[in-house]
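Student: Compute the structure for the input listed below.
(2 chains)
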Protein chains: 2
Amino acid sequence: MLRTHTCGELNISFVGKNITLSGWVQRSRDLGGMTFIDLRDRYGITQLVFNMETRPDLCNAARKLGREFVISVTGIVIERSNKNLKLATGEIEIDVDSLNILNESALPPFTIENNTDGGDELRMRFRYLDLRRNILKENLELRHRMSIEVRNYLDSLNFMEIETPYLIGSTPEGARDFVVPSRLHHGEFYALPQSPQTFKQILMVAGYDRYYQIVRCFRDEDLRADRQPEFTQIDCEMSFVTQDDILNTFEGLSRHLFKVVKGFDPGAFPVLTYDEAMRLYGSDKPDIRFEMTFGDLTELVKGHNFKVFDDAEIVIGINAEACSEYSRKQLDALTDFVKKPQIGASGLIYLKYGADGSLKSSVDKFYSPEELQKWAEVFNAKPGDLILILSGSANRTRKALNELRLEMGNQLGLRNNTVFKPLWVVDFPLLEWDEDSQRFYAMHHPFTSPKPEDINLLESDPGKIRANAYDLVINGVEIGGGSIRIHSKNLQKRMFQLLGFTDEEAQKQFGFLMNAFEYGAPPHGGIAFGFDRFCAIFGGSDSIRDFIAFPKNNSGRDMMIDSPASISEAQLKELGITFLNPQKQ
Amino acid sequence: MLRTHTCGELNISFVGKNITLSGWVQRSRDLGGMTFIDLRDRYGITQLVFNMETRPDLCNAARKLGREFVISVTGIVIERSNKNLKLATGEIEIDVDSLNILNESALPPFTIENNTDGGDELRMRFRYLDLRRNILKENLELRHRMSIEVRNYLDSLNFMEIETPYLIGSTPEGARDFVVPSRLHHGEFYALPQSPQTFKQILMVAGYDRYYQIVRCFRDEDLRADRQPEFTQIDCEMSFVTQDDILNTFEGLSRHLFKVVKGFDPGAFPVLTYDEAMRLYGSDKPDIRFEMTFGDLTELVKGHNFKVFDDAEIVIGINAEACSEYSRKQLDALTDFVKKPQIGASGLIYLKYGADGSLKSSVDKFYSPEELQKWAEVFNAKPGDLILILSGSANRTRKALNELRLEMGNQLGLRNNTVFKPLWVVDFPLLEWDEDSQRFYAMHHPFTSPKPEDINLLESDPGKIRANAYDLVINGVEIGGGSIRIHSKNLQKRMFQLLGFTDEEAQKQFGFLMNAFEYGAPPHGGIAFGFDRFCAIFGGSDSIRDFIAFPKNNSGRDMMIDSPASISEAQLKELGITFLNPQKQ
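Tutor: Numbering: from 1, shown residues only, chains lettered A, B, ... in the order given. Here you go, the predicted structure:
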């Protein structure tokens, strides 16, 4: 080894020892008679000292070292006169007696500090320098720790990690597939898996009863800020289980992670039905770090000649506690917020419950104080509170009020990223109707089973069927989702019909699964967690990109290696493919 | 849970308990008054008993159960009168009092037994049934156990698992890449990694000093019997290390696996140089479960008017101990073996050292008994031994004698697959000259560093340079290989020149790595293990396919899902691609 110790482990107990360290020059300070260098490696920073009087040769060499040079030094651990107790190694320094430059470094295009001066694009291009920053290193360490803990926990419950193939077939239901042209079979393609869904179900048919895999998944979607074309799932499946068994098992996994990684037990997770979540929060992934649940005024407000409310499908609001002193300017800003196109409310009504007990609303002329009092009671409002009300069509208004609630949570400091509030959302609808294509889509995926008590709605009112489907939500972010699956060939066939597949299409894409169901498929179900997002939440961040070693940018490009890129004519010829519009290349 | 216990855990201590089991009908025997069913799950087999006298309804239902039906039963654990002590559950059976059919099964196309009647192709098509066989289940359990142990061992040494991207750029040096057309950037492609080589080196530049990953790799090669287009590597890299540090660390990992998975410690691994391995075994992956090393007769045999030997570049042989009684027929069969085109020797010379001390050779007329005695001494032969001799050009003859040695090892039962003999082979040549293309190829890969003491040969005699490269070989199979890498931009550039790259080509394909070397790259090196093969060796098998849940066949096709396959016109249009020879589709 080109070192005897790391830059993070030496302390006062090593004083007098002769040691060798290797690492990067983080910082150097030349104080005339002495030169100090902070030497950095993955484990920490250790101060090196070079003395001009005793070793002018070494000191002069040290002065020439640039930032990020890689060096190896040997010397004696000595006690510092000027201790830095914030640093694990802050009580000692190394009196260097030999210096070896292992590699030089050009001047980095940005500083290797948590608060760097480098912009996003520059840092992605020089990702190897960005990854040297402590904050990113801690993110990847967190990720490693979580993956080890996930595996050991599931292993202890007899789950087997089984690798499923990455070169599979294209199943364009759902998101777009990335495809891989076959050289041996011109005109044919593999596809990269959007998830190992069908393979894990096949493993249940094969009798493997407790499967998991930390696995890469691929979706060729138009990228939003926080999406990546490749991402990682903790993918799990179990046989001979009910929905409760799955919730218990993976609540256990999640609590284990909270305990060993974050050092606290969040307790039993609350369970909300999809309908409750939509009614109370207007969202199927509510942030329950704060209350501020929806109140419904629809019945109370009708018939008072206020046309906006009379025409509305629903009138709902939230109580922003202790905000009755909000100024006109603040209320105008909230009105502007809800009227933004991506939120889409047409206006905002407020009711101020003054500290003096007075009730003042923006629609005073339509409603008496007694009526406003009844509104306040819906929200259990107290003097000093502010009620914010939206109205309109049900779905759109709930969605807008959800956004307003989250905004108020932000403004009131109720969304602290060191507080964690997980919950289960259950009983999702099986199907969603799409007006554009005039067909049903599976809300979860086509393999999700209907609730047995709703199966009679299959022919009469499929949109009303609830599924044995569930999501794990933490702090308003969907971290995982799953379902009890269909394990009967006939029900699976019927499901594909509902989704507008012809029997031939269903057979071509999913025939292997339906055939497998003919040979003794056990009842089974599972769940998948977005591992990048799970890590980001634990790291207190909104951005999954900071928890992936080599992420792609918003147009799916790896800036460091400059990929995708053109390939050679010879490669294209071997694959037998060419381009539709070569002039556009 | 649809069970209280598994089919592998009930024993005499459970007698009298009321339990529920779920599983598959393995076998059923109808003895008139009683029906016995062997119920199977992942954990074992438990016998169910149905009594016609006490529960005719249940017994009749049980008689109708077919093989591989999925059932759930509740009943009382009772002691068997007729115990089967070979089975963990063989002392008990279940007196069933309720039976629930969870799913029916069509008759499987082959038997679910270790010795199945199903052929390869049928079993791949119905992989979910093949995977139910105990032998395959044990293989996948071994694989899971090995992956858990690899991770925990490396984690304990401060290695971090870091996921590298699967959508990268094409680098056609080496094997062929699988490529992925980009929808957002028509005419451009991602490629799937042949290994994370450049990314793990980038991680070393980024300061992550101990990296590993159990990772899928992809090579679009014409498939040989035991190759898969996607396969799994244990990929590792370390900074601030010498070759010895790598060998020590990963010998430690391998010994750990032997200890915890196979239950024994193979001891310190011998180290052979490439030159020694070629001289003694004619192979850079020698099977050292048995000796039978090569002896060199070249100098002894020349000048005796035996033209075959006089014209030969080398004359070498092996000593098959205690085989002097081989018959003419056996010797003819060995001659036929070495003359097979894939082995390519022109003939086989033997020397029998009779039990009576006589020496008899197929070339008696050219050599005196005294001369033959000298031959025998080269091999330390004793009375009763048989010496087998090949001659010709050096490379071809060594290769042929290696095959003959392995064949003799097989014939003499010296290649027992429950015996494990690992070794390191080191000091590989850096470059191989290819006559066809009249250029050098990197023997390991272009990032491998030359031995410092050989660097002076770079300009004068590059073919002679030895590399800091090493392989781990177990029982004649290459399980892992790696090298100390180049970490200087200039040396890496020079290496690409030697390999026939123009500077532009090198910059286009590997510029990101060479640029990274300008910003403080530490000395580093690593190794990668073929995980599928590692598992197969541990499982005592030659075939990696039996250790992969969903392997592809020899033409790269997944028989179960029938992939690759055609994709829709709409998908092709979105990708902007078409085919060169559409009439061939």
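Student: Could you pull out the strands in the stretch 401-550 of chain A for me?
Tutor: According to DSSP state E, counting those that start in this stretch, the stretch 401-550 of chain A carries its strands in the segments A:422-426, A:431-434, A:439-442, A:469-474, A:477-484, A:524-530.
Student: possible to save those strands as a markdown table with mean pLDDT and mean neighbour count?
Tutor: Using the backbone N, CA and C atoms, a C-beta is placed for each residue, glycine as well. Formatted as a markdown table, these follow (pLDDT from 0 to 100; neighbours: other C-beta atoms under 10 Å in any protein chain shown):
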| stretch | mean pLDDT | mean neighbour count |
| --- | --- | --- |
| strand A:422-426 | 98 | 21 |
| strand A:431-434 | 91 | 15 |
| strand A:439-442 | 90 | 17 |
| strand A:469-474 | 98 | 25 |
| strand A:477-484 | 98 | 22 |
| strand A:524-530 | 98 | 24 |
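Student: Can you lay out those strands as a markdown table showing distance to B:Asp57?
Tutor: Formatted as a markdown table, the strands of the stretch 401-550 of chain A follow (distance: least, C-beta to C-beta, whole Å):
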| stretch | distance to B:Asp57 |
| --- | --- |
| strand A:422-426 | 37 |
| strand A:431-434 | 40 |
| strand A:439-442 | 40 |
| strand A:469-474 | 37 |
| strand A:477-484 | 30 |
| strand A:524-530 | 29 |
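Student: quick one: secondary structure of the nearest residue to A:Asp558 once chain neighbours are set aside?
Tutor: Nearest residue to A:Asp558, sequence neighbours excluded (C-beta to C-beta, 6 or more residues apart in numbering or on different chains): A:Lys552, at 5.3 Å. The assignment at A:Lys552 comes out as coil when based on DSSP: H, G, I helix; E, B strand; the rest coil.
Student: How about the contacts made by A:Lys552?
Tutor: In this structure, A:Lys552 makes contact with A:223, A:228-230, A:558, B:165, B:167, judged by C-beta atoms under 8 Å, 6 or more residues apart in numbering or on different chains.
Student: Farthest-apart pair in the residues you listed, please.
Tutor: A:Leu223 and B:Pro165 (14.7 Å; C-beta to C-beta).
Student: Now do the end-to-end distance for stretch A:183-193.
Tutor: 19 Å (C-alpha to C-alpha, to the nearest Å).
Student: Which residues does that stretch contact?
Tutor: A:164-171, A:177-182, A:199, A:217-218, A:574-576, B:166, B:176, B:178, B:180, B:220, B:222, B:555-557, B:563-567, B:579, B:581, B:584-585.
Student: for stretch A:559-571, same thing?
Tutor: Stretch A:559-571 has contacts (C-beta under 8 Å, 6+ apart) with A:121, A:124-128, A:550, A:553, A:556-557, A:585, B:167-170, B:172, B:176-177, B:179-180, B:182, B:185, B:187-191, B:198, B:202, B:512.
Student: residues of that stretch that come out buried?
Tutor: Neighbour-count burial for stretch A:559-571 flags A:559-561, A:563-565, A:567, A:571 (criterion: 16 or more other C-beta atoms under 10 Å in any protein chain shown).
Student: I'd like the mean pLDDT over that stretch, please.
Tutor: Mean pLDDT, stretch A:559-571: 93.
Student: Alpha carbons of it, as CSV, please.
Tutor: C-alpha atoms of stretch A:559-571 as CSV (Å, rounded to 0.1, in the frame of the first residue of the first chain):
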residue,chain,number,x,y,z
MET,A,559,-22.0,15.1,-20.3
MET,A,560,-18.8,13.5,-19.1
ILE,A,561,-18.5,10.9,-21.8
ASP,A,562,-20.6,12.8,-24.3
SER,A,563,-23.1,10.1,-25.0
PRO,A,564,-25.2,9.2,-26.9
ALA,A,565,-23.0,9.7,-30.0
SER,A,566,-22.7,8.5,-33.6
ILE,A,567,-21.3,5.1,-34.2
SER,A,568,-19.3,3.8,-37.1
GLU,A,569,-20.7,2.9,-40.5
ALA,A,570,-19.3,-0.6,-40.0
GLN,A,571,-21.3,-1.0,-36.8
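Student: Report pLDDT for A:Thr578.
Tutor: Looking at A:Thr578, its pLDDT is 89.
Student: which among the buried residues of stretch A:559-571 gets closest to A:Leu31?
Tutor: A:Met560 (38.0 Å).
Student: how much space is there between the closest one and A:Phe110?
Tutor: 14 Å (C-beta to C-beta, to the nearest Å).
Student: Show me the domain layout of chain A.
Tutor: Domain assignment of chain A by automatic domain parsing yields the ranges A:12-103, A:137-272+A:479-557, A:290-411.
Student: Tell me which of these sits most buried.
Tutor: domain A:137-272+A:479-557 (a mean of 20; mean count of other C-beta atoms under 10 Å in any protein chain shown).
Student: which residues does the nearest residue to A:Ser488 once chain neighbours are set aside contact?
Tutor: Nearest in space to A:Ser488, with sequence neighbours left out and distances taken as C-beta to C-beta, 6+ apart, is A:Phe517 at 6.4 Å. Contacts for A:Phe517 (C-beta under 8 Å, 6+ apart) come out as A:205, A:487-489, A:492, B:103.
Student: Can you give me every residue that contacts the spatially closest residue to A:Arg176 that is not a sequence neighbour?
Tutor: Residue nearest to A:Arg176 in three dimensions, not counting chain neighbours: A:Asp220, with 4.1 Å by C-beta to C-beta, 6+ apart. Contact analysis of A:Asp220 by C-beta under 8 Å, 6+ apart lists A:175-178, A:229, B:183.
Student: got any ranges where chain A has weak pLDDT?
Tutor: Filtered on pLDDT under 70, chain A yields the residue ranges A:225, A:582-585.
Student: Contacts made by the helix of greatest length in it with the rest, please.
Tutor: Across chain A, the helix with the greatest residue count (assigned by DSSP state H) is helix A:134-156. For helix A:134-156, contacts defined as C-beta under 8 Å, 6+ apart pick out A:42, A:114, A:130-131, A:161, A:210, A:212, A:214, A:234, A:236, A:252-253, A:256-257, A:260-261, A:531, A:534-535, A:538-539, A:541, A:546-547, A:549, B:144, B:148, B:151-152, B:155, B:160-162, B:207-208.
Student: And for stretch A:267-283?
Tutor: So stretch A:267-283 is contacted by A:247, A:251, A:254, A:284-288, A:293-294, A:296, A:316, A:397-402, A:405, A:422-429, A:466, A:472, A:476 (C-beta under 8 Å, 6+ apart).
Student: what about it, start to end distance?
Tutor: Stretch A:267-283 has its terminal residues 23 Å apart, counting by C-alpha to C-alpha.
Student: same thing with stretch A:534-550?
Tutor: End-to-end distance for stretch A:534-550: 17 Å, by C-alpha to C-alpha.
Student: Same question for stretch A:204-222.
Tutor: 33 Å.
Student: Quick one: the buried residues of stretch A:559-571 as JSON lines, columns for secondary structure too.
Tutor: Below are those laid out as JSON lines (three-state DSSP):
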{"residue": "A:Met559", "secondary structure": "coil"}
{"residue": "A:Met560", "secondary structure": "coil"}
{"residue": "A:Ile561", "secondary structure": "coil"}
{"residue": "A:Ser563", "secondary structure": "strand"}
{"residue": "A:Pro564", "secondary structure": "coil"}
{"residue": "A:Ala565", "secondary structure": "strand"}
{"residue": "A:Ile567", "secondary structure": "coil"}
{"residue": "A:Gln571", "secondary structure": "helix"}
